[in-house]
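Chemist: Below: sequence and its predicted model.
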Amino acid sequence: MPRGVITLATDFGLRDPWVGTMKGVILSVTRDVHLVDLTHEIAPHDVLEGALALETAVPFFPEGTIHLAVVDPGVGGARRALVVAWGECCFVGPDNGLFTPFLLAPGWRAFELTAAEYRRPEVSRTFHGRDVFAPAAAYLALGVFPERFGAEVTDPVVLPWPAPRAVPGGLAGEVVHVDRFGNLITSIPAGDVEAAAAVVVGGRELPLVGAYAEIGRGAAAGLVGSSRRLEIAVREGSAAAALGIGRGAPVEVRTRSSSTKK
Amino acid sequence: MPRGVITLATDFGLRDPWVGTMKGVILSVTRDVHLVDLTHEIAPHDVLEGALALETAVPFFPEGTIHLAVVDPGVGGARRALVVAWGECCFVGPDNGLFTPFLLAPGWRAFELTAAEYRRPEVSRTFHGRDVFAPAAAYLALGVFPERFGAEVTDPVVLPWPAPRAVPGGLAGEVVHVDRFGNLITSIPAGDVEAAAAVVVGGRELPLVGAYAEIGRGAAAGLVGSSRRLEIAVREGSAAAALGIGRGAPVEVRTRSSSTKK
Amino acid sequence: MPRGVITLATDFGLRDPWVGTMKGVILSVTRDVHLVDLTHEIAPHDVLEGALALETAVPFFPEGTIHLAVVDPGVGGARRALVVAWGECCFVGPDNGLFTPFLLAPGWRAFELTAAEYRRPEVSRTFHGRDVFAPAAAYLALGVFPERFGAEVTDPVVLPWPAPRAVPGGLAGEVVHVDRFGNLITSIPAGDVEAAAAVVVGGRELPLVGAYAEIGRGAAAGLVGSSRRLEIAVREGSAAAALGIGRGAPVEVRTRSSSTKK
C-alpha cells in the first residue's frame, strides 16, 4: 500500500511553530505519510477563505487523501469537531462550515471527533489543531475508520455559498478572493462563462479571453482561472490595483454585448 | 526502524532558497528522513525568539527527533557549533543560547561540531546552516553518535531566560512574543496562572478565562495559550492592536482581585 | 534505489493553494519522492530572480534531482514547455530563460513537453504548473527518459546573464538581489573577489572581509556570500536600508586601493 497523504490548511501563518507542532503530533502516530501544506496564510478566522482554498485544491489529490483544515475561531467553545468521509477522501477539522463545498451534494458522512483514544492525552482549550485534529488525521492515515471517532453527525454547519444569480442579460456575482498576483477570483463558475460575451466589473466592461497571454500588456480581461471560476486579470499586473476593487465587489457577466453607461 | 525526523527552524525567511538548500544537503546524505519546518520567520538574528519557538514545538515531536536550528549572527566568527543530546532528541546549531530552554535542567550533553567527515568538504564562513549543521543533522539521522562529532562542551551559552518575579499581590512578567493573531504571549508559565484572579497589562485589568470562545466579542482577557504560558487575547481580534502594546511590555497576574487605578 | 527528489520553485506565493495543488498532482503519479520547496516567493513574473534562485540552490542537491520551476508570464501563449537534462539532473518548466545558468555551458539536452500521456487529461490555459509541469516532473521521477516527452529543442530561451565587465582599476557589476537580511547580492562572482582590495557601492568605498563576524557592528563591508557572489552586508543590520540602494545599483570592485571622490 502506498504511503498516505495528509494535507494541512490553516490560518496559523508560518511565523509561529504551530503547523510544525501539528506535524510532530502526526509523525508521533505514524511516519508512513506524506505531509503537504495547502496554505497556512488563510486570513485569520476567515472560514470562507479556507473553504474556497479546499474547493480549489482537493480535486487534484489522490484517492484516500486526508485533508486536515483548521480555521477555528470557536475553539474551546461549543462547536463540534468533525471527520467527514467524502468519496475516498476524509476531512478533519472544526464544524463551522469549512467543508461546505463538499457538503453541498449528497454522498458524505460526518462523525463527531469524541473518542478519547484518538486524541492527545491532554486536550487544551486553545489548540485543537494539535490536540484533536492532528492525531485524528494520523489515525485515519493508519486506517482507522471514520465511524470509529464518534457519533454520526447529520447536520454539519454549512455556509451560505457564494453563487451567481440571474439578472437581465446575464449573471451577477461577486469577487470572492484576490490572489497573490492581484487577480480577482469571482463567484461565477466556469460553466457560466462559456456562454458569456463580456464581464462588467468596477463600472468597466471587459472582454473575455482564454489565457493571460491573450491580454494586451497592461489591459484587463476576464478568463476562466485555475480555480475553475471567472477571474479578472491584468497582463503581468494586478487587477485589484488597476481596477481599485477587492473582495465583495459586484461582477456581472453579459450573455449579449451591452455597454456600461456611466 | 521508522524513518527519522529532522526539524528545521531558522531566521532565513522563505524568499531565498537557503532552507531548500539545507534540505538538499541533508538529502544528499540520507533520504530516510522526514523534514519538517518549524518556522523560518524568526526575526533576523533574534536568538531568544528562536529559543522560544523551540521550547513550544519540541515537546510534540517523537523520540529521536533531530532539531536543526540556525539563528546565527556570529557565523564565521569564534562561536562554536554544537550538537546537544537531550533525552532521546538532538539539537544541532550555533552555540549562542538558541537551546537555552533545554539546557536549564540537567541531563543534556553537548559536543562541539568539529569532525571534518561530518561537514561539507568546503565550509563557507557565511552559511554554516548548509555546510556544517545540515550535514551534522543528516549524519545524526543516519545513527552517528553525538560524541563522534567533537569534544565535549560543558559550558554552552545560556541566555538569561524570561521568568516572572514575585511582586506584592502577584507576579510580574513581560510580553515575550506577539503571534500572528496579535495574541500577546507572556513570560508567565501556565502553573502560575491557575492561582491568579486577574491580569494587568497596559494599565488595564483583564479577567482570566479558559478559552478564546469565553471572551466577549471584541473584549480582551488572559488565558493559558498553546505555548503553556499566560497569553492576552482579544476575541477574533488583535490584542496587540487593541491594547497598543508589544514585546517587552510589563504584565502582572494578581492572586487576589485588585483594581488598577488610572 | 533511493526515493527521488523533486524541488519546486515558483512565484505563486504561499497564500493560495497552488503549490499544494501541484504536489497533489505529483503524488497522484508517484509517492516515492521527496518534495522540497526552494522558494515560492520569487517576485511575480520575475524570471531572472527565479533563475538566480536555481543557480544558488541546485548545486547542493543530490544527483538525479528533478527541479520543477514555474515563473510563467507567458502561460497559455506560444511559449514552449521544456524538460532539460543537465548532468544527472532534470529541469522542468517554461521555455523563457528560467534555466539560463545551466544552459550557458555545453552538455545539456532539452525537449519540448508535448506528449499527452505525461500531462493531465485536461490542460488549462492558465496553470501549466499543475497540468503540464507537475505531471512531467512526477513521470521523470518514475524513470521516464527526458527524450520521451517530445521533440528535441536546440534553441531554448537564454536570458542576458548579469556578468561583470572590466573597468579601469577593477570590475563593474550591479546588485542583482536583496535578500531577507538586507544583504545586497551582486553580479560579481567569488573568483573575481579574491584579487580585489575594496568594493565601491553607493558612492562609498567598503573593505572586503571574510565573514559577517569580521564586520564592526553597524558597519558595512563586502564579502563572498552564500551564493558564491560578492555581497554587501551590514553587521546585524540591513545593507539595503543603511546604504539606501537596491537591485540594479552599480557596484565596483577595485583591484588596487583607490579612494572614491565625492
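Modeler: In hand now; what should we look at? Numbering: from 1, shown residues only, chains lettered A, B, ... in the order given.
Chemist: Can you verify residue A:132 is assigned to a helix?
Modeler: Yes: assigned with DSSP: H, G, I helix; E, B strand; the rest coil, residue A:132 falls within a helix.
Chemist: OK, contacts around it?
Modeler: Counting by CB atoms under 8 Å, 6 or more residues apart in numbering or on different chains, residue A:132 makes contact with A:81, A:113, A:119-120, A:123. Every residue, glycine included, has its C-beta placed from N, CA and C.
Chemist: Filter those residues down to the buried ones.
Modeler: A:81, A:113, A:119-120 (16 or more other CB atoms under 10 Å in any protein chain shown).
Chemist: Flag every residue of the stretch 1-150 of chain A that's near chain B.
Modeler: By the rule CB under 8 Å from any CB of the partner chain, the part of the stretch 1-150 of chain A lying against chain B is A:12-21, A:23-25, A:27-28, A:31, A:35, A:44-45, A:73-79, A:124-127, A:130.
Chemist: Now, these that are in helices?
Modeler: Taking DSSP state H as the definition of helices, the residues of the stretch 1-150 of chain A next to chain B contribute A:18-21, A:23-25, A:27-28.
Chemist: picking up where we left off before, pipe the buried ones among the contacts of residue A:132 into CSV and attach pLDDT, distance to residue C:153 and secondary structure per row.
Modeler: Formatted as CSV, the buried ones among the contacts of residue A:132 follow (pLDDT from 0 to 100; distance: CB to CB, whole Å; DSSP: H, G, I helix; E, B strand; the rest coil):
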residue, pLDDT, distance to residue C:153, secondary structure
A:81, 98, 52, strand
A:113, 97, 52, coil
A:119, 96, 55, coil
A:120, 96, 53, coil
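Chemist: From these, pick the one nearest residue A:156.
Modeler: Nearest to residue A:156, judged by CB to CB, of the buried ones among the contacts of residue A:132 is residue A:81 at 11.1 Å.
Chemist: what bridges to the closest one?
Modeler: Judged by DSSP bridges, the bridge partners of residue A:81 are residue A:94.
Chemist: show me the contacts for it.
Modeler: A:93-95, A:112-114, A:128, A:132-133, A:136.
Chemist: Give the rounded mean pLDDT of stretch A:204-216.
Modeler: Averaging pLDDT along stretch A:204-216 yields 92.
Chemist: how about low-confidence regions in chain A?
Modeler: Residue ranges of chain A with pLDDT under 70: A:1-2, A:256-262.
Chemist: what does it put close to chain C?
Modeler: Within chain A, the residues that sit near chain C (CB under 8 Å from any CB) are A:2-3, A:5, A:7, A:9, A:14, A:34, A:36-42, A:53-54, A:56-57, A:60-62, A:65, A:179-181, A:210-214, A:223-226, A:236.
Chemist: Among those, which lie within helices?
Modeler: Per DSSP H, those map to helices at A:53-54, A:56-57.
Chemist: Can you select the buried ones from those in ChimeraX?
Modeler: Buried residues among these (16+ other CB under 10 Å), as a ChimeraX selection:
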select /A:53,54,56,57
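Chemist: And residue A:10, how far from residue C:249?
Modeler: Going from residue A:10 to residue C:249 by CB to CB, to the nearest Å gives 39 Å.
Chemist: Out of the ones in helices among the residues of chain A next to chain C, which comes closest to chain C?
Modeler: Distance to chain C across those (CB to the nearest CB) is lowest for residue A:57, with 3.9 Å.
Chemist: Hmm, the closest one is touching residue C:24, no?
Modeler: Yes: using CB atoms under 8 Å, residue A:57 makes contact with residue C:24 at a distance of 6.5 Å.
Chemist: Many thanks, have a good one.
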